[in-house]
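**Q** requesting a structural model of the entry that follows:
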Amino acid sequence: MSRESPPQVSELAARLHISRSRLNRVFQEQVGTTVVEFLKKEQLEEAKRLLRDTKVSITKIAYRCGFVTRRNFYRVFLRDVGMTPAAYRLKSSN
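**A** Numbers count the residues shown, from 1 in each chain. As a prediction, the model looks like this:
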């Protein structure tokens with residue numbers, strides 16, 4: 001099963017033709033968070049949207065959102081959202 005990896009900070013910096021440290025500094029100044037934290041938040045937001053709006057399996061959602069394993073996805077989701085992906089999906093369907 002393939003997964004879509006979120007872009008790495010070094011890839012983003014290269015695309016913008018600036019150093020990684022400059023990208024991090026400017027991003028922090030403008031957005032108020034690090035590039036890595038922003039990308040992690042976006043990963044979880046996409047996972048939450050897919051759980052709410054689709055019937056795609058949780059495992060496929062985990063891979064589609066760039067998580068290496070289903071177990072890692074569950075751990076991060078529980079830590080950051082406060083419930084498992086299955087519980088979130090159930091709660092969102094009510």
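
**Q** using PDB, write out every CA atom in the helix or strand of the chain with the lowest mean pLDDT.
**A** Of all the helices and strands that make up the chain, helix 9-16 has the lowest average by mean pLDDT, DSSP states H and E, namely a mean of 89. Extracted C-alpha coordinates of helix 9-16, given in PDB (Å, rounded to 0.1, in the frame of the first residue of the first chain):
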ATOM      1  CA  VAL A   9      11.100  21.000   5.300                       C
ATOM      2  CA  SER A  10      14.300  20.600   3.200                       C
ATOM      3  CA  GLU A  11      12.200  20.000   0.100                       C
ATOM      4  CA  LEU A  12      10.000  23.000   0.700                       C
ATOM      5  CA  ALA A  13      13.100  25.200   1.300                       C
ATOM      6  CA  ALA A  14      14.700  23.900  -2.000                       C
ATOM      7  CA  ARG A  15      11.500  24.700  -3.900                       C
ATOM      8  CA  LEU A  16      11.600  28.200  -2.500                       C
END
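
**Q** and that helix, how far from the chain's centre?
**A** Remark: helix 9-16 is offset 18 Å from the chain centroid, using Cα atoms, centre = their mean, to the nearest Å.

**Q** who touches that helix?
**A** Around helix 9-16, the neighbours that count as contacts under Cβ atoms under 8 Å, 6 or more residues apart in numbering are S19, R20, R22, L23, N24, V35, V36. From N, CA and C alone the C-beta is placed, and that goes for glycine too.

**Q** try 6 Å this time
**A** The contact list for helix 9-16 (Cβ atoms under 6 Å, 6 or more residues apart in numbering) reads R20, L23, V35.

**Q** got it, and stretch 50-62?
**A** A47, R70, F73, P85, Y88, R89, S92.
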